[in-house]
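**Q** test case, fold it:
(one chain, ligands or ions: 2)
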Amino acid sequence: MFTACATFVLIIAGALVTSNDAGLSVPDWPTTFGSIYKMPHMVGGVEWEHGHRMVAEFVGLLTIILAIWTWRTEGRRWMRILGVAALGTVIAQGILGGMTVLFYLPPAVSSTHAALAQTFFCITVVIALFTGRRRIEEQPRVEFDTRRPSLVTLTWLSIFVLYVQLILGAMFRHRGLGWWPHVVHAAVVTVVLSWTAIRALSQYSRIEAVRKPAITMLSLMMAQLCLGFTAFLTRVAWGHNAVQPELPMVISTVAHVAVGALLLATAVVLAIQVWRHVPVAFEERIPTREQNPVAA
Ligand code: HEM
Ligand code: HEM
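**A** Ligands and ions are numbered 1, 2, ... in the order given. You can find the predicted model right below:
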């Protein structure tokens with residue numbers, strides 16, 4: 001949980017670099033102004049850029065500890081693999097961060113760095129969820145799902161549309177794409193997430209493990225839509241002539257990135273809880289006597 005929380009802080013720190021246009025304030029990597037250990041003067045954009053690197057190093061260290069700890073103490077093989085996957089992802093993320101500096105912030109690299117950041121955050125949240133005491137000790141309350149599309153399918157679809165939205169948002173933010181694909185796709189996200197949350201709440205609200213993430217997802221989605229409109233106003237409608245990053249734009253865009261990360265992670269948690277508590281009922285797929293005379 002601590003690594004997941006630290007990663008959330010890191011996402012905010014990273015978003016502050018982008019929103020403050022500070023990506024190239026430190027022009028070299030892996031060194032900072034030619035040195036590995038010397039602290040630079042934390043002034044102007046260097047404060048954001050070097051600060052982000054320091055938080056990233058801390059999270060990197062936490063991830064190394066987490067991977068080794070998981071490898072040594074976990075009984076579940078796939079959890080050990082997840083620990084190693086987290087380590088691989090954070091290393092790739094660090095390299096992408098360095099690459100984007102060395103190649104002067106190409107949109108493709110910066111957008112991949114933005115998307116992988118949230119993927120890594122989701123991995124840390126999943127590790128926290130699966131190592132939680134409640135998860136290990138509690139017997140799941142199971143209800144079979146006979147409806148189509150199943151709630152499991154809807155939760156996977158939610159993750160998919162959110163991921164597309166993240167890529168479109170990151171591409172726009174890093175000047176690789178216009179704003180309209182992201183804003184148009186927000187309508188798709190709204191429909192799919194509302195459908196998923198309403199289905200979960202109307203059918204399975206008795207299951208706390210499903211009800212809580214469904215309510216959280218719906219609330220975060222509404223907050224995210226409001227923040228999206230504010231980010232649009234401050235960045236696109238009013239901000240395109242700004243000579244330097246202005247505070248309302250910085251606050252609204254950073255909040256939009258942060259809530260986006262929370263929303264994606266909540267959708268992942270909901271999918272895992274639904275997978276456990278509301279599995280798909282396959283009985284109806286077994287042919288009846290009329291359909292299968294051989295069995296009869
Ligand atoms: C290791 C974990 C790391 C994570 C989770 C992370 C996360 C992030 C996030 C979320 C952003 C904001 C993206 C956006 O708002 O669209 C960002 C931006 C940035 N990060 Fe990282 N980062 C990490 C490591 C690094 C490292 C080691 C560097 C080394 C230089 C770095 C350099 C940058 C730069 C330059 C930007 C601004 C890119 C731009 O404005 O185009 N990051 N990071
Ligand atoms: C629930 C729906 C939405 C989600 C999940 C979402 C998510 C995101 C994410 C994750 C980013 C940043 C990607 C990165 O890390 O670089 C972003 C950027 C952005 N989004 Fe959204 N968004 C949503 C709806 C909207 C709406 C409705 C609008 C506008 C009407 C909007 C406007 C923007 C703008 C302007 C940016 C770029 C900000 C910048 O350039 O600094 N978003 N969105």
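
**Q** what's in contact with the helix or strand bottoming out on mean pLDDT in the chain?
**A** Of all helical and strand segments in the chain, the minimum by mean pLDDT, DSSP states H and E falls on helix 133-137, at a mean of 80. The contact list for helix 133-137, computed with CB atoms under 8 Å, 6 or more residues apart in numbering, reads L129. The way it works is simple: take the backbone N, C-alpha and C, and place the C-beta from them, glycine included.

**Q** break the chain down into its domains, please.
**A** Using automatic domain parsing, the domain parsing of the chain gives 1-138, 142-283.

**Q** still on that earlier bit, would you mind identifying the next helix or strand past the least confident helix or strand of the chain?
**A** Where DSSP states H and E defines the elements, the next helix or strand beyond helix 133-137 is helix 151-173.

**Q** tell me which residues of that following helix are tucked away?
**A** Buried residues in helix 151-173, counted by 16 or more other CB atoms under 10 Å: 151, 154-159, 161-163, 165-173.

**Q** any part of the very next helix or strand once past it near ligand 2?
**A** Past helix 151-173, heading to the C-terminal end, the next element that is a helix or strand (DSSP H and E) is helix 180-204. Yes: on the criterion CB under 6 Å from any ligand atom, helix 180-204 is in touch with ligand 2 at 182-183, 186, 189.

**Q** looking at helix 180-204 now, give me its mean pLDDT.
**A** Within the predicted structure, the mean pLDDT of helix 180-204 is 97.

**Q** what does stretch 48-62 give?
**A** For stretch 48-62, the mean per-residue pLDDT is 98.

**Q** returning to that earlier point: distance from the least confident helix or strand of the chain to the middle of the chain?
**A** For helix 133-137, the separation from the chain centroid amounts to 24 Å (computed by CA atoms, centre = their mean, to the nearest Å).

**Q** export it as CSV, just CAs?
**A** What follows is helix 133-137, C-alpha atoms only, in CSV (Å, rounded to 0.1, in the frame of the first residue of the first chain):
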residue,chain,number,x,y,z
ARG,A,133,-5.3,-9.4,5.0
ARG,A,134,-8.9,-9.2,4.1
ARG,A,135,-8.3,-10.8,0.7
ILE,A,136,-6.4,-13.7,2.2
GLU,A,137,-8.6,-14.4,5.2
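
**Q** give me the buried subset of the residues of helix 180-204 next to ligand 2.
**A** Burial by neighbour count, 16+ other CB under 10 Å: within these this picks out 182-183, 186, 189.

**Q** so can I have TSV of these showing distance to ligand 1?
**A** Below are these laid out as TSV (distance: CB to the nearest ligand atom, whole Å):
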residue	distance to ligand 1
H182	12
V183	17
A186	17
V189	18
